[in-house]
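> Sequence first, then the predicted structure, then my questions.
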Amino acid sequence: MTRADLGKDPREVSAMFDRVAAAYDRTNNVLSVGNAPLWRVATTRAVDPKPGERILDVAAGTGTSSASLAKSGASVVAADFSPGMIEVGRRRQAHVPNLVFVEADATKLPFDDDSFDAVTISFGLRNVNEPKQAIAEFFRVTKPGGRLVICEFSTPPTPFVRFGYGAYQRYVMPPLVKLSSSNDTAYEYLNESINAWPKQPELAAWIREAGYTDVAWRNLTMGVVALHRGRKPVA
C-alpha cells in the first residue's frame, strides 16, 4: 500500500505520510505554485499567536507551520499521527526552543480539557476519518474564549476558477508530482480527498455544531483554499 484511499484508515494515512515526509515540504511548494508560504502567513495571522500563549498545531507534519507560530514567543505543540513526519520535524525544527512534537490522533487528543489558547490545523482535517469528531476534540481542548483556525483546500465559488483548478488537478499536477515527490501515487489521494471535501458553508456548519461561535471563513487564492475561524464561548 503506497497510498491511502477515501476510507481514510488511520494506519494507511499515517503510513502514507511516513513515506512522503522527507520531500513533503518541497512537494507542497511545487504543487501550490508557490502559494503554500502565503497560506501559512495568512493562517499565522488568523491564529494571532502571542507570547505566553499555548497553541496546538494539529496535523503539523514537519512543523513548518508550527515554527511560524512559535516565532511569536507562544509555546507551540506540534501534533501529528505520522511518526515519520514527527521524526523529520524534530530534526528540522530543533533550533526552535518553544516548540515540542507529540504523536497524536486528531480524534483522540492526549490533552486535558481547556488546555490551549488556540487550536489550528492546516491541510490535515481532510485526512481525518472522522472530521466532526476531530473538531469536537479541538473544542474540548480549547480554553473558553480561545480560538480555532482551520486552513483547508476548498471549492472555488466561481465556475471559471473551478474549471481551471480542475484542469490543473487532472493535467498539470500529475507530472509535477512525479518530478518532486518520492511517492507520486500517494498524491492521487490528494486530488480525490480535495474533490470529496465539503464546501465552505458545510465545514462552517460542522464548526458551529461543535460549539464554536463567531464562525466565519475567508477564501484564499480565489477559493482554492479557505480559512475558517471560530471562538469557544466563555462560560
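All right, it came through fine. On a predicted model such as this, the values are computed, not experimentally measured, just so you know.

> Would you state the strands of this protein in chain order?
Along the chain, counting by DSSP state E, strands occupy 54-58, 75-80, 99-103, 116-122, 142-153, 213-220, 225-231.

> Reformat those strands as JSON lines; add mean neighbour count.
Glycine gets a C-beta too; all of them are placed from N, C-alpha and C. JSON lines is the format used below for those (neighbours: other Cβ atoms under 10 Å):
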{"stretch": "strand 54-58", "mean neighbour count": "26"}
{"stretch": "strand 75-80", "mean neighbour count": "26"}
{"stretch": "strand 99-103", "mean neighbour count": "18"}
{"stretch": "strand 116-122", "mean neighbour count": "26"}
{"stretch": "strand 142-153", "mean neighbour count": "21"}
{"stretch": "strand 213-220", "mean neighbour count": "15"}
{"stretch": "strand 225-231", "mean neighbour count": "22"}
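
> Nearest to Glu192, out of those?
Within these, the stretch nearest Glu192 is strand 142-153; the backing value is 11.6 Å (Cβ to Cβ).

> sorry, back to before: could I get the strands of the chain as TSV with mean pLDDT and distance to Ala36?
Shown next, in TSV, are the strands of the chain (pLDDT from 0 to 100; distance: least, Cβ to Cβ, whole Å):
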stretch	mean pLDDT	distance to Ala36
strand 54-58	98	15
strand 75-80	97	17
strand 99-103	97	19
strand 116-122	98	9
strand 142-153	97	10
strand 213-220	98	11
strand 225-231	97	10
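
> Tabulate the ones you listed in CSV, adding columns for distance to Phe160.
Shown next, in CSV, are the strands of the chain (distance: least, Cβ to Cβ, whole Å):
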stretch, distance to Phe160
strand 54-58, 34
strand 75-80, 36
strand 99-103, 41
strand 116-122, 27
strand 142-153, 18
strand 213-220, 15
strand 225-231, 17
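
> wait, which of those strands is closest to Ala136?
Ranking the strands of the chain by proximity to Ala136 (Cβ to Cβ) places strand 142-153 first, at 10.8 Å.

> Nearest to the spatial middle of the chain, which residue is it?
Central residue of the chain (Cα atoms, centre = their mean): Ser122, 2.0 Å from the mean position.

> Confirm for me that that residue is in contact with Thr44.
No. Between Ser122 and Thr44 there is no contact under Cβ atoms under 8 Å: 9.8 Å.

> Overlap in contacts, those two.
Counting by Cβ atoms under 8 Å, 6 or more residues apart in numbering, the common neighbours of Ser122 and Thr44 are Ser65.
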